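1. give me coordinates for this.
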Amino acid sequence: MFNQKVRIGFILAGLTNFCIVVFSQGYSNSLGVIDPHFDTTGCLLITLWGAAYLSIARDYARVPWLSIVFGFEKLLYVSRWALFLANNPDFEAIWQTDPLATIFFRIYGLVDGLYCLFFFYAGFSSLKKQDI
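-> Have a look, this model is predicted:
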């Protein structure tokens, strides 16, 4: 039961990353003009991370350190989000030109923060079960 829930978490994480296709309007540079971290290449890389999460959904317990790497990757995005919010407190101008981007920039750090905790939990739980 526990393993199945964690597997579903990896699948949801992967599918969540694929949502970047919608928010970036098909990998256009719409997010990149607001934050260069999310240019076309950055959005493609987010999709690749999502594919990586999906690729280990069945075998995550065998590669606990990879889950921990995923946790640090998400932590990086959360820290970037915090810096973005600190430097862009007013979303009104973004909303006027791109409401979808505004929604993305308001929520992605929260979502990534939850997945960060999830990946650390999956990795460290698996390590503990392996007595490593």
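2. residue contacts, residue 31?
-> Contact analysis of residue 31 by Cβ atoms under 8 Å, 6 or more residues apart in numbering lists 23, 24, 38, 39, 42, 43, 101, 104, 105. Where you see a C-beta, it was placed from the backbone N, CA and C, and this is true even at glycine.
3. 10 Å instead, please
-> Residue 31 makes contact with 20, 23-25, 37-40, 42-43, 46, 98, 100-101, 104-105, 108 under the criterion Cβ atoms under 10 Å, 6 or more residues apart in numbering.
4. spatially central residue in the protein, please.
-> In the chain, the residue lying closest to the centroid (Cα atoms, centre = their mean) is residue 112, at 4.5 Å.
5. so it versus residue 60, what's the distance?
-> Separation of residue 112 from residue 60 (Cβ to Cβ, to the nearest Å): 18 Å.
6. swap in residue 116?
-> According to Cβ to Cβ, residue 116 and residue 60 sit 15 Å apart.
7. one more: residue 40?
-> 30 Å.
8. between those two, which one's more packed in?
-> Neighbours were counted for residue 40 and for residue 60 using other Cβ atoms under 10 Å; residue 60 has more, 23 against 15.
9. looking at it, the more buried one is touching residue 69, isn't it?
-> No - using Cβ atoms under 10 Å, residue 60 makes no contact with residue 69, being 11.8 Å away.
10. intersection of neighbour lists for these two?
-> With Cβ under 10 Å, 6+ apart, residue 60 and residue 69 have common neighbours 119, 123.
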